[in-house]
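Participant: Got a predicted model here, sequence first, then my questions.
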Amino acid sequence: MKRTILTIAILSATLFSMAGGKQFQQKMGQTLAQYASCQTIEDYLALGNKFKIISNVEKEEWLPLYYHAHCYIIMSFMENNDKAKKDEYLDVAEESINKMIELMPQESEVFALQAFYYTARLVVDPMTRGQEYGALSGQSVGKALAFDAENPRARYIKISNEKGTAQFFGNDVKKYCEQAKELFKNWDNYKIKSPIHPKWGKDYVKQISKSCN
Amino acid sequence: MKRYLFWIVIFLTSTNLFSQTTISGLVKDDKGEPLPGANIYIEGTYDGVSSDTDGKFSFKTTEKGKFVLKIEYVGFDSFSKEVNLNNGNIELEIILKETFNLLNAVTITAGTFEASDKKKSVVLSPVDMVTTAGTRGDIYGALQTLPGITTNGESGKLFVKGGNSDESKTFIDGTLVYVPYNSTAPNTSTRGRFNPFMFDGTIFSSGGYSAEYGQALSSVLILNTTTLPVEDQLHISLMSIGCEIAGTKVWKNGGITGSFAYNNLEPYMSVVPQNYDWNKPPESIDGVINIQQKTGKTGKFKLYSSINKSKFSLKRLDFNKMNEMINYDLTNDNFFVNASWSDLLSKKWSLKTGASFTNNIDDNFFDNNHYTESLKGSHIKSVFLHEMNKKVFIKFGAEFFNKYYKNDYTTLTDTFLNNYSNTILAGFVETDIYSSLKFVTRIGGRVEYSDYLNEINFAPRISTAYKLNRNSQLSFSYGWFYQYPSDYYLLYTNEIKYERADHYIFSFQSRKNKRTLRTEVYYKDYKNLIKLNGGEFYLPNTYSNNGKGYAYGLDIFWRDKKTFTNGEYWISYSYLNTKRNYLDYPVEAVPKFASKHNLSVVYKYWFGSLRTYMGSTFKYSSPRYFNDPNSYEFNKSRTTAYYSIDLSITYLHRENIIFFVAVSNVLGFKQEFGYQYEKNSNDYGIYESSAIIPSSKRFFILACFITLSGKGDINQLDKIK
């Protein structure tokens, strides 16, 4: 009888009190899996909404804010018709990034994403914004690498920014191609801190290597 | 026993299956349009969903009891509703209201051109101000391509909507710049004292401006210094007319830029033929310091100071005997300092305060005469801004101006020393009331007291704007604008009053698909203008305020960034009809500085593969009137029309090296701005004359800009573009 009651108690505990931490991990894992099926801006918007819901519940977690901003940055790259909308998506991303920096002022991935966001701003109007946002993106990459010199996303953005500038001035891009190839080769050697930590970027690096040949 | 356990487990695991509440519905805006992608969720839980393309949604939750349902959509006020979750179905139809956001709201644009990155109503960007061909890196030159401005090539100053150049005032970071132009020989084009790269957020108001500003009958130019760069830099500029070196050092939350420039036109003028006969071409040295520092979380302190000395000497026709040449020498010393501080006092209150001081001395020698003008001007100002609620803003402030002007004239036989000093105390209040995102009203008033004139004036100002749709808006402005008379008259009498102009401006603006159209009609009623009664200029009762005049016109601005890939253009056209009866005019006549039609076409193109940027400007101004004393009619003689085509080419040699070439009046059009007449008629009773022509047919400039910074890849490209 005692064992029965104990079993029921344990079952109840497991069923009814999925502890916050574990539920959060699970929920994040489930939501992250949906990235693979995102095709349109609407898909990313819906996905971003899910991360927003999670971040509203888990106010001390930075990762939901990270992916929320990330979705909106992707949306701004995908939007090709309305320039004003590109900036509107980036305004949403900016808000999440700023909240994230307050939570984690020393996390490399946070600044790598900020650099990615600044590049997205630059792309909206390169002629006018080239100098200002190029410098800001470079600054954020610098911070990201200072906190973690191996962060592959920060390294990717650095290569991408520098290659873009070199191309614009008609300079040789060979060394950036080499760096991209090297980064692609060693991508999987970087140890990610948890299954829900950011791991995007390998495809972008592949694109850079491809565009070199 | 086991069966018991089995049923308990089934019961526990199946509780979830039976206790779900379904929430579904439709999300729309207040026009009935569905909102796809709205975020609908139960506050405090993970349960939620996004609305589909028809604005519809549906989801299930296992939560029980009273919860708050939240609906969010970017750009709209979020919606909350308490719901009772008890296994049923909840169906909702939700209407979201657009958020009131100043960035999306209508803006008052009547009479205003804003060059900044911030607001949506802006038609120019800061780089436009400096990169337009023919402006020679001069802010006032760039403004000449906007509608509402009459080109006076022999002056280079701003003549706005039928007003004279002294009817426009310039402010930097809120404080007055008493002497914004360089000193030049008579009828020689001048330029602004400032490096236009220092500014962003420029607002040029060609009429109907805010109660925060006064003492300008026609327009104000509001310049805001730009934030310092993010890292240490060194700029070197080598030009055919001189060189400049500027260094910036930044520290946490602040920085300092110091620059030094030396200009000498002698080498240039020895190579390029000039119409004027220079004994010593213009030479100048400049030093500038610019300090910025963040104070606390939200405060910003700025200090700008410049010191400049310039001189030149040329041979000029003697206006008393036009078959003789005299030497005309001018030395100018100018010192300017301006400090400003702004900060948030609380969530809804902010303060901007500033002070400026100018000391300007022009020392003039011509034909044994010595003429010195010296001006000391100061300005102190404080402005409070209060956000009463999201839709009502109030601004009020107080200002103190003091000006001391001295004028010494020594001839071979006489000495005349005159000076006067005037203090003005002013206060203003202005409120912006947004009835909605679409309609805003601005009401304000300004009071000024002058101790020298012993007179108070009160000026009401009112503006409104209405947003017709996402792309267009209408705006209207009405106000009284006072300005105390010119120093040249105040020197001899204080028994005259403020001059006044009343503005009525109506404007329409539409932007769509990277194209902008702006049209503006206006009427200006000039009153109390200084009139000379035929007596000698140094006798006080020569002056009265009986002069008056009017100006009305139509300004059109069309900008297209879409039609040409890698290219853009804008067209400005102004129609102006104005007459005055003031100063020494015997009758009402068209003033010398006005021309009926003004047209500017600016075209810019980027040759990507060559890394070259080309700019070109075409300008046309219809003939202006001038007075020929040999004729019986006043101000009825006309100049020829004014044409000019200016070209500039920028080449990015390397990331941090830029080459720049510009030519004004490329095709060498003959330009003539009127005639200068001798004071006295000759033996035959004819007044001799000589044409007023530009100092040279064309002006060339070659420059190389080099930037060195920590990273080596920042350059002055944005400055040129």
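Facilitator: Here it is on my side, so go on.
Participant: Please report the distance of the residue nearest the centre of chain A from chain B.
Facilitator: Computing the C-alpha centroid of chain A and ranking residues by C-alpha atoms, centre = their mean puts residue A:70 first, at 4.7 Å. When distances are taken as C-beta to the nearest C-beta, to the nearest Å, residue A:70 and chain B turn out to be 16 Å apart. Where you see a C-beta, it was placed from the backbone N, CA and C, and this is true even at glycine.
Participant: three-state assignment of the closest residue to chain A within the stretch 351-500 of chain B?
Facilitator: Using C-beta to the nearest C-beta, the single residue of the stretch 351-500 of chain B nearest to chain A is residue B:470, 9.5 Å away. Under DSSP: H, G, I helix; E, B strand; the rest coil, the three-state class of residue B:470 is coil.
Participant: And it, how far from residue A:82?
Facilitator: With distances defined as C-beta to C-beta, to the nearest Å, the gap from residue B:470 to residue A:82 amounts to 11 Å.
Participant: same thing with residue B:303?
Facilitator: Between residue B:303 and residue A:82 the distance, using C-beta to C-beta, works out to 42 Å.
Participant: For chain A, which segments count as helices?
Facilitator: With DSSP state H applied, chain A shows helices at A:2-16, A:20-33, A:41-57, A:63-78, A:83-103, A:108-124, A:126-147, A:152-168, A:174-186, A:202-212, listed in chain order.
Participant: Neighbour count for residue B:303 and residue A:82, which is higher?
Facilitator: Between residue B:303 and residue A:82, residue B:303 has the larger neighbour count (other C-beta atoms under 10 Å in any protein chain shown), namely 17 against 9.
Participant: Please name the residues that touch the more buried one.
Facilitator: For residue B:303, the residues meeting the contact criterion (C-beta atoms under 8 Å, 6 or more residues apart in numbering or on different chains) are B:289, B:290, B:291, B:292, B:337, B:338, B:339.
Participant: and which of the residues you listed is nearest to residue B:374?
Facilitator: Comparing the contacts of residue B:303 against residue B:374 with C-beta to C-beta places residue B:337 closest, at 16.9 Å.
Participant: Return the set of residues that bridge with the residue lying closest to the closest one once chain neighbours are set aside.
Facilitator: Counting by C-beta to C-beta, 6 or more residues apart in numbering or on different chains, the nearest residue to residue B:337 once its immediate chain neighbours are dropped is residue B:305, at 4.1 Å. For residue B:305, the residues forming beta bridges with it (DSSP bridges) are residue B:289, residue B:337.
Participant: now do residue B:389
Facilitator: When bridges are assigned using DSSP bridges, the partners listed for residue B:389 are residue B:392.
Participant: Tell me how many other residues crowd it.
Facilitator: Counted by other C-beta under 10 Å, the residues lying close to residue B:389 total 9.
Participant: what does the one 3 residues further on give?
Facilitator: Other residues within reach of residue B:392, judged by other C-beta under 10 Å, total 13.
Participant: Quick check, it in contact with residue B:433.
Facilitator: Yes: with contacts defined as C-beta atoms under 8 Å, residue B:392 counts as touching residue B:433 at a distance of 5.3 Å.
Participant: Relative to chain B, how far out is residue A:180?
Facilitator: Distance from residue A:180 to chain B, counting by C-beta to the nearest C-beta: 19 Å.
Participant: mind checking pLDDT for that residue?
Facilitator: Predicted confidence (pLDDT) for residue A:180: 92.
Participant: Spatially nearest residue to it, not counting backbone neighbours?
Facilitator: Of all residues not flanking residue A:180 in the chain, residue A:208 sits nearest, at 4.1 Å (C-beta to C-beta, 6+ apart).
Participant: likewise residue A:96?
Facilitator: Residue nearest to residue A:96 in three dimensions, not counting chain neighbours: residue A:69, with 4.0 Å by C-beta to C-beta, 6+ apart.
Participant: can you count the residues close to the one you found?
Facilitator: The local packing of residue A:69 (other C-beta under 10 Å) involves 28 other residues.
Participant: and it, what is it in contact with?
Facilitator: Under the criterion of C-beta under 8 Å, 6+ apart, the neighbours of residue A:69 are A:92, A:93, A:94, A:96, A:97, A:100, A:113, A:117.
Participant: Scan these and report the most crowded one.
Facilitator: Going through the contacts of residue A:69 with other C-beta under 10 Å as the criterion, the one with the most neighbours is residue A:113, at 29 neighbours.
Participant: All set now, cheers.
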